[in-house]
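Engineer: With the sequence up front, the predicted model follows.
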Amino acid sequence: TRPLFAMGGGDAYLNVVAEARTEGYKDIYDSLSEGGVVLGSAGNSAGGSRDVNAFGAELLLPITKGLEVSLAARQEKYSDYGSDFSPKASVRFQPMKSLTLRGSYGEGFSAPTLPQLTQKPAYSADSVVDRKHCIADGNTAAFCDANPKPSFQINGLVISNPALTSEKSKQFALGGVWDITPALSVELTYWNTKIDGLISNVSAQTLVNRENGTSSTPIPPGLSVTRDANGAIAQVIRGATNEGTLETGGVDASVQFEHKWAAFGRFRHNLRYSWVEKYETNGNDAIGTFGAPRERATVGTNWSMGPF
């Protein structure tokens with residue numbers, strides 16, 4: 001890190017970082033399970049390593065005493081799947097001593113994990129609903145068209161997908177902090193994040209639906225549905241792929257209050273509240289489902305007295 005030149009709010013600074021690391025992973029099954037000899041085994045061995053090299057820089061620009069701009073970028077190269085570039089820009093504005101406004105925009109990524117890239121194929125007895133397979137299995141059309149439709153267990157193979165790439169995100173936030181008094185402050189932030197190329201596991205039923213043409217989404221490269229001459233499903237090869245989007249946004253708010261008593265020490269109370277405006281995966285709103293509540297709130301109190 002070093003200063004570059006003087007500005008209205010002080011010296012502009014450039015921070016530069018370079019990193020190099022090696023990641024290793026190993027999860028080895030016993031040889032009989034790995035070879036498919038033990039019936040009912042789930043999963044299979046995975047293991048591998050990769051080198052990651054990264055370079056990043058951040059430019060801090062104190063334009064005036066109350067206005068600061070930050071520009072940053074980071075480039076990472078993975079030896080197993082490729083490279084990613086992540087830029088970010090942020091602004092901090094303090095029009096008065098008690099009020100701070102801030103905003104930021106950034107792009108990010110999440111690399112596929114080594115298990116996702118290196119796991120050996122594993123057998124899976126998947127159940128699917130498929131009319132062509134039902135007819136080929138010797139059943140009548142009336143039976144195959146019944147409601148509920150009959151399901152059949154087929155030969156499935158779960159593979160790692162060497163074609164996986166990273167998930168890409170774009171996010172922005174706007175907010176501020178108001179110090180109403182030295183003891184009372186309020187913070188409010190609106191945030192929004194969108195992730196493209198979600199890494200998700202495609203089920204056997206989804207692949208069969210796509211192979212039948214009931215879905216306009218194509219079967220991802222490396223995954224497949226194979227049938228015999230009669231139309232029965234011989235094998236479904238399934239696994240993870242990059243498809244789909246996740247978009248979420250909301251408001252975070254907090255209130256903090258501090259007070260001190262000579263005989264009882266110092267107290268700091270904090271109320272945090274989060275309201276989620278949206279949480280959509282592939283256009284389907286998940287707000288209100290398990291693990292995705294509309295609202296969260298926490299209340300905390302910290303007490304200190306002397307060295308305690």
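Structural biologist: Okay, I see it.
Engineer: Look up which residues are beta-bridged to the closest residue to residue 42 other than its chain neighbours.
Structural biologist: Leaving aside its sequence neighbours, residue 42 sits nearest to residue 122 (C-beta to C-beta, 6 or more residues apart in numbering; 7.2 Å). Bear in mind the C-beta positions are built from the backbone N, C-alpha and C, glycine included. In this entry, residue 122 is beta-bridged to residue 158, by DSSP bridges.
Engineer: Residue 239: how many residues sit nearby?
Structural biologist: Neighbours of residue 239 under the rule other C-beta atoms under 10 Å: 21.
Engineer: mind checking which helix or strand it is in?
Structural biologist: Element membership of residue 239, judged by DSSP states H and E, is strand 233-242.
Engineer: For stretch 256-270, output the C-alpha coordinates as CSV.
Structural biologist: Output of stretch 256-270 as CSV, limited to C-alpha atoms (Å, rounded to 0.1, in the frame of the first residue of the first chain):
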residue,chain,number,x,y,z
GLN,A,256,-28.2,1.0,18.9
PHE,A,257,-28.4,2.6,22.3
GLU,A,258,-25.7,3.0,24.9
HIS,A,259,-25.8,4.2,28.5
LYS,A,260,-23.3,4.2,31.4
TRP,A,261,-23.9,4.0,35.1
ALA,A,262,-21.0,4.6,37.5
ALA,A,263,-22.0,1.8,39.9
PHE,A,264,-23.3,-0.7,37.3
GLY,A,265,-21.1,-0.4,34.2
ARG,A,266,-21.8,0.3,30.6
PHE,A,267,-24.8,-1.1,28.6
ARG,A,268,-25.2,-1.3,24.9
HIS,A,269,-28.6,-2.4,23.4
ASN,A,270,-29.0,-3.4,19.8
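Engineer: Looking at it now, give me its mean pLDDT.
Structural biologist: For stretch 256-270, mean pLDDT is 94.
Engineer: related to what we said a few turns ago, for the strand holding residue 239, buried residues please.
Structural biologist: Of all the residues in strand 233-242, those buried under the rule 16 or more other C-beta atoms under 10 Å are 233, 236, 237, 238, 239, 240, 241, 242.
Engineer: List the buried residues of the very next helix or strand once past it.
Structural biologist: Sequence-wise, the next helix or strand downstream of strand 233-242 (DSSP H and E) is strand 245-261. For strand 245-261, the neighbour count (16+ other C-beta under 10 Å) marks 246, 247, 248, 249, 250, 252, 253, 254, 255, 256, 257 as buried.
Engineer: what's the angle between the very next helix or strand once past strand 245-261 and strand 245-261?
Structural biologist: The C-terminal neighbour of strand 245-261 among helices and strands, as given by DSSP H and E, is strand 265-281. For strand 265-281 against strand 245-261, the angle by axes from the mean of the first three to the mean of the last three C-alpha atoms, to 10 degrees is 170 degrees.
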